[in-house]
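Colleague: turn this into a model:
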Amino acid sequence: MTLVMKFGGTSVGSADAMRETADLILQARDTWGDVVVVASAMGSKPVKVTDLLLQGAYTAFAGDLDTYPQLAAQMRAIHYEAIDGLLSPEGERQIILAEMERFVERFTTLCGAVSVLGELTPRALDAISGMGEQMSVRILAAYLRELGYDSEAIDATELVLTDGNFQNAAPQTAATRAQTTARLQPLLDSDAIPIVTGFIGATSDGVTTTLGRGGSDYSAAILGQALDADEVWIWTDVDGVMSADPRIVPGAVSIPTLSFREVSELAYYGAKVIHAKTMRPCVESGIPLRIKNTFNPTHPGTVIEEDAGLSRQNGALKAVTAIKGVSMITVEGKGMIGVPGIAARTFGAVARLDVSVLLITQASSEQSICFIVPEAAAAAVVGSLEAEFADQLNRHDIERIWSRDAIAIVTIVGAGIQTTYGIAGRVFGALGDHQVNVIAIAQGSTECGISVVVAGEDVDRAVEHVHELIVGGGKVS
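Modeller: You can find the predicted model right below:
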């Protein structure tokens, strides 16, 4: 069986963390047989190597010639300390130290070039920001070799072929499968443990790209799909996906199982779980995706599976999440009734600003359209809509376009809750009983989520009391 395991920055953030990670890798290898590891850049709090790399790039671009050399020295110290704690002088220590120095020198050279040119392109950012992963995998692989296991550090530039959309590249599935199989399968067949960089890929010309937000998680899912893995595990610092944000609800619990659709809904509406795009390769290939805690490895975490099991969980509330800092834009007027194209023009005007619409609701009378956008974009959206509908505003077909700020979206997720009698009533009853006014409601077509819009000052109370339904069973018989 084949298992792909991804370890985040805290899991490789120090010599001690890497020792624990190596133990987890070897335990999994004993159970699964073939194990492929994907690793992030070193990232113990409060210092994350990727942040240092980006800080160096941006300060160099601003003409600051002092900061990036200081950051280079800091990165050198972080990696050297880990190497000294893991590798013996008789082994590969000097070789790996030299490799780290090569990356640090490359970082300073690139930052110097950015400073001289006064230009920081997305391509240059990708070249700089992906070096942290290239450094961490070399240390981890060398440590496994020191323990007596065959292991090789591999840059995902050899495996993941992407388009040229720097900062948010998209993998080319067929070519990635071919490259990954050709490179990794011989290693697995010889009982070696590949340690692969997360976050990065490369164009067909070999130019380094990055996969954007959640890139290392995405890398693991991509490789899992390419290798037809039996499972993909994402190791993080929490016990899986939680029923609510523990900062709001101290009694939040880990959710044993979720469907891909449920997690997509949670991720879209603000839960700090896993980026929706990460799941796509697993969804397409039917590969279970498990979220586990590096610091509590015996906990089963949360397994995310295909949606086939929805029917046996019908009506179960799983989690509640919230997005704060959003605004509700309303376009209203009696002259909108029966006029075709109003909605298309509305969202066309929003799209031209490259603003994401988080939720839409429309009155059945067609007298208003309401939708939610990030609060920072609200003024620009209203301005764009006023320009788009200038004639209709002058004729009073549209009476006003306005923004309501300081609101939040609260989303309740669970398989089939929209088609189970009484669930919505209990949710709204819990909110009403605790003086939380619902401003707007939206129900998606996925049949596993209900979203309500509430005032910003009510959001924590709303989440807390909806969560009481979840831990109380949250199921209507």
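Colleague: tell me how far the helix or strand harbouring Gln70 lies from the chain's centre.
Modeller: Assessed by DSSP states H and E, Gln70 sits inside helix 67-86. Centroid separation between helix 67-86 and its chain, computed with CA atoms, centre = their mean, to the nearest Å, is 27 Å.
Colleague: repeat that for stretch 186-195.
Modeller: 28 Å.
Colleague: equivalent analysis for stretch 213-225, please.
Modeller: For stretch 213-225, the distance to the chain centre is 10 Å (CA atoms, centre = their mean).
Colleague: which non-adjacent residue is nearest the residue of the chain most remote from its centre?
Modeller: The C-alpha centroid of the chain is most remote from Arg395, which lies 45.5 Å away (CA atoms, centre = their mean). The shortest distance from Arg395 to any non-neighbouring residue, by CB to CB, 6 or more residues apart in numbering, is to Gly335 (6.9 Å). Yep, even glycine has a C-beta here, placed from its N, CA and C like the rest.
Colleague: ok, now Gln185?
Modeller: Leu227 (7.5 Å).
Colleague: now swap in Pro300 and tell me
Modeller: Pro256 (6.9 Å).
Colleague: break this protein down into its domains, please.
Modeller: 2-231, 319-471 (automatic domain parsing).
Colleague: okay, those, which one's buried deepest?
Modeller: With neighbours taken as mean count of other CB atoms under 10 Å, those reach their highest mean count in domain 2-231, at a mean of 20.
Colleague: endpoints of that one, how far apart?
Modeller: 7 Å (CA to CA, to the nearest Å).
Colleague: tell me the mean pLDDT over it?
Modeller: Across domain 2-231, pLDDT averages out at 96.
Colleague: report pLDDT for Ala442.
Modeller: pLDDT, Ala442: 83.
Colleague: ramachandran coordinates for it?
Modeller: phi -140, psi 140 (degrees, to the nearest 10).
Colleague: wait, isn't it in contact with Val357?
Modeller: No: using CB atoms under 8 Å, Ala442 is not in contact with Val357, being 11.2 Å away.
Colleague: touching, Trp343 and Val357? I think so.
Modeller: Not Trp; residue 343 is Ala. No: the pair Ala343 and Val357 does not pass the contact test of CB under 8 Å, sitting 11.3 Å apart.
Colleague: now the helices for the stretch 51-200 of the chain?
Modeller: Along the stretch 51-200 of the chain, the stretches classed as helices by DSSP state H, counting those that start in this stretch are 67-86, 93-117, 122-129, 131-146, 173-189.
Colleague: from the chain's centre, how far out does the second one sit?
Modeller: If I follow you right, that is helix 93-117. Using CA atoms, centre = their mean, the distance between the centre of helix 93-117 and that of its chain works out at 28 Å.
Colleague: which outside residues touch it?
Modeller: Helix 93-117 is contacted by residues 53, 56-57, 60-61, 63-65, 68-69, 72, 75-76, 79-80, 83-84, 87, 120, 124, 127-128, 131, 134-135, 138-139, 142 when judged by CB atoms under 8 Å, 6 or more residues apart in numbering.
Colleague: that one to helix 131-146, inter-axis angle?
Modeller: 170 degrees (axes from the mean of the first three to the mean of the last three CA atoms, to 10 degrees).
Colleague: tell me the spacing between the most centrally placed residue in the chain and Asn168.
Modeller: Nearest to the mean C-alpha position of the chain, counting by CA atoms, centre = their mean, stands His275 at 3.1 Å. To Asn168, His275 is 11 Å away according to CB to CB, to the nearest Å.
Colleague: intersection of neighbour lists for the two?
Modeller: Common neighbours of His275 and Asn168 (CB under 8 Å, 6+ apart) are Arg213.
Colleague: that older thread, what distance do you get for the residue nearest to the centre of the chain to Ile234?
Modeller: In terms of CB to CB, His275 sits 11 Å off from Ile234.
Colleague: overlap of the contact sets of those two?
Modeller: With CB under 8 Å, 6+ apart as the test, His275 and Ile234 both reach Asp217.
Colleague: what stretches of the stretch 351-477 of the chain score poorly on pLDDT?
Modeller: For the stretch 351-477 of the chain, the stretches flagged by pLDDT under 70 are 363-366, 416, 418-419, 444-447, 473-477.
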